[in-house]
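> Output the structure for:
(one chain, ligands or ions: 1)
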Amino acid sequence: MELEELRKKISDDFNDMKLNLQTLSELRSQYLGKKGPINSLLSEMKNLPNEEKPKFGEKVNALRNLATKLFDEKKQELERKAVEEKLKKEAVDVTLPGKEMNTGSIHVLNKIVEEIEDLFIGMGYKVQDGVEVEKDLYNFQLLNIPENHPARAMQDTFYVDKERLLRTQTSAVQAHKMLESGGNKDIKIICPGRTYRRDDDDATHSHEFTQMEGLVVNKDVTMADLKGTLNIMAKRLFGEDREIRLRPSYFPFTEPSIEVDVSCFKCHGKGCALCKGTGWIEILGAGMVNNNVLRMCGYDPDVYQGFAFGVGIERIAMLKYGIDDIRTLYSNDLRQNKQFK
Ligand code: DAH
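Below is the predicted model of the structure:
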């Protein structure tokens, strides 16, 4: 019978394992669409005798409900399968080892600069930058090193032209800041930075190196303040039980000038290879700002005085971490940098 046949065909077709969402929706319009078999059965109803109509109508409706139900069920099933497959494909195995992230590390020279900066900022100092291509005026002349002064021989210089050079010392920043201050303001600064000298590179010399300058100018600062300040710095860098020793020295821009030693942190003063048996290790130069410098930079030496110091950062790094060749600090060897993470 026609109705029974159609019923069987609908059940078979909607239960086809090969259906996907696309073919399922085609199947739906095939059976339930305007021109589908169910609709045409309904339009045939008018040809039936009246008493058969209700029964026939009921049966066709049942067919329509069946097709709708089968479609809905199949659609749900297919959609659920699609989600399951997607989840399976995108699943993350949380037990797999993660990808290693490479993080950088601070260079030992920067580490020491930052350590000293921290200390001095805590004591009220400001950090000041200078320029690496500097005028002879600031690097030498204003620091009491006129042309042909023998002190120039100690600092073999890369000249850019007659006037300009690669600064040989961060002391050049002193002259800038004093002149900028107009001769009537207190100064309390540290100036870290790269410096250059025409040295032949070897284990203890590099044509490129790092210094940190310190400068305090006011009406009553004394050598005792300088000593106290350097004592604090030595302890911070090399350990709380370190002591310092001042030796008279000569720098054109300071008078009196001193060189500063720290008690040997390896043998604690008894004498060893590091301190060459003396118990002391030289770490920096310092002194009271020379009156000539104060005057040339706009300060009246009868009213103002100052102290200054300059420390070589490579030397501190080498001493502190037992590095025996300064060139390794400029080798960009990651194995070295990684040790300072
Ligand atoms: N500029 C000196 C140098 O490069 C270091 C130095 C010594 C700096 C004494 C100073 C100082 O400020 O007072 O060797």
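
> What about residue 161, how many residues nearby?
With neighbours defined by other CB atoms under 10 Å, the count for residue 161 comes to 7. Any C-beta I mention is one placed from the backbone N, CA and C, and that applies to glycine too.

> i'd like the first residue to be 18 from this point on
Shifting the count to begin at 18 puts that one at residue 178.

> Tell me if I'm right that residue 193 and residue 155 touch.
Yes: with contacts counted by CB atoms under 8 Å, residue 193 reaches residue 155, the gap being 5.9 Å.

> and residue 234, helix, strand or coil?
Under DSSP: H, G, I helix; E, B strand; the rest coil, the three-state class of residue 234 is strand.

> what's the burial count for it?
Around residue 234 there are 24 residues (other CB under 10 Å).

> ok, the closest residue to it other than its chain neighbours to the ligand distance?
Of all residues not flanking residue 234 in the chain, residue 323 sits nearest, at 3.7 Å (CB to CB, 6 or more residues apart in numbering). Distance of residue 323 to the ligand, computed by CB to the nearest ligand atom, to the nearest Å: 10 Å.

> ditto for residue 56
Distance from residue 56 to the ligand, by CB to the nearest ligand atom: 101 Å.

> give me the number of residues near that residue?
Going by other CB under 10 Å, the residues that sit close to residue 56 add up to 15.

> ok, it touching residue 47?
No: judged on CB under 8 Å, residue 56 makes no contact with residue 47 at a distance of 11.4 Å.

> Whether whatever helix or strand residue 311 lives in contacts the ligand - can you check?
Residue 311 is part of helix 308-313 when elements are defined by DSSP states H and E. No: on the criterion CB under 6 Å from any ligand atom, helix 308-313 is out of touch with the ligand, staying 9.7 Å away.

> Residues contacting that helix, please?
Residues outside helix 308-313 that contact it (CB atoms under 8 Å, 6 or more residues apart in numbering) are 158-161, 191-192, 195, 234, 270, 272, 317-318, 321-323.

> Nearest to the ligand within the chain, name that residue for me.
When scored by CB to the nearest ligand atom, the chain has residue 327 as its residue closest to the ligand, at 2.4 Å.

> now the helix holding residue 311: how far from the chain's centre is it?
In terms of CA atoms, centre = their mean, to the nearest Å, the centre of helix 308-313 is found 41 Å from the chain centre.

> What mean pLDDT does it get?
Across helix 308-313, the average pLDDT comes to 98.

> The stretch 218-358 of the chain: helices as residue ranges?
Along the stretch 218-358 of the chain, counting by DSSP state H, counting those that start in this stretch, helices occupy 240-255, 308-313, 330-338, 351-354.

> CA atoms of the second one as CSV?
To tie it back to what came earlier, the one meant is helix 308-313. Written as CSV, here are the backbone C-alpha positions of helix 308-313 (Å, rounded to 0.1, in the frame of the first residue of the first chain):
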residue,chain,number,x,y,z
ASN,A,308,89.8,74.6,43.1
ASN,A,309,90.8,75.2,39.5
VAL,A,310,88.0,72.9,38.4
LEU,A,311,85.4,74.5,40.6
ARG,A,312,86.4,77.9,39.3
MET,A,313,86.4,76.9,35.6
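
> For it, buried residues please.
308-311, 313 (16 or more other CB atoms under 10 Å).

> Then the third one?
Taking 16+ other CB under 10 Å as the basis for neighbour counts, the residues of helix 330-338 that come out buried are 330-337.
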